[in-house]
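Chemist: Give me the fold of what follows.
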Amino acid sequence: MNAPFFPRDLTEDNDLFGLLLFLIHESGNEELYGNLHGLRCYGLRIKQTESGNYILRPDIDPTGDDGFLPGQYEELRAKYMEPWADEIKKLLQEVKKEIIKKQI
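Modeler: Sure, this is the predicted structure:
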């Protein structure tokens with residue numbers, strides 16, 4: 001599997017999302033890889049919470065040009081993310097660990 005190509009300019013968290021996709025690839029879950037890559041193309045982001053953990057959140061745009069349409073993310077999340085919610089949570093914890101390692 002090649003490095004992910006994102007057809008959108010979402011530079012603020014591109015490295016984090018690339019790391020997340022790399023970890024998913026390493027886990028062998030190609031379906032989850034494809035799901036999150038596709039949602040990234042819509043505008044899925046990695047955000048850091050006040051406690052320092054990472055979560056996935058969408059860009060919402062009423063026109064749909066620069067993100068998910070209102071209500072669209074919830075529908076897609078239910079179909080493409082919720083079946084792997086526990087795995088996604090663990091992978092985001094791995095992202096955090098990798099970032100901490102690089103800061104040392």
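Chemist: pLDDT weak spots in the protein?
Modeler: Per-residue confidence for the chain (pLDDT under 70) gives these ranges: 1-8, 104.
Chemist: mind listing what Asp66 touches?
Modeler: Applying C-beta atoms under 8 Å, 6 or more residues apart in numbering to Asp66 gives the contacts Gly43, Asp59. C-beta: built from backbone N, CA, C; applies to glycine.
Chemist: quick one: secondary structure of it?
Modeler: Using DSSP: H, G, I helix; E, B strand; the rest coil, the structure places Asp66 in coil.
Chemist: would you list every one of the helices in the chain?
Modeler: Here the chain has its helices, by DSSP state H, at 14-27, 30-42, 72-80, 85-103.
Chemist: now those helices in TSV, with distance to Thr49?
Modeler: Below are the helices of the chain laid out as TSV (distance: least, C-beta to C-beta, whole Å):
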stretch	distance to Thr49
helix 14-27	13
helix 30-42	19
helix 72-80	18
helix 85-103	10
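Chemist: so which of the ones you listed comes closest to Ile55?
Modeler: Nearest to Ile55, of all those, is helix 85-103, at 6.8 Å by C-beta to C-beta.
Chemist: Now Gln93. Nearest residue, chain neighbours left out?
Modeler: Using C-beta to C-beta, 6 or more residues apart in numbering and skipping residues adjacent in sequence, the residue nearest Gln93 is Asn53, 7.5 Å away.
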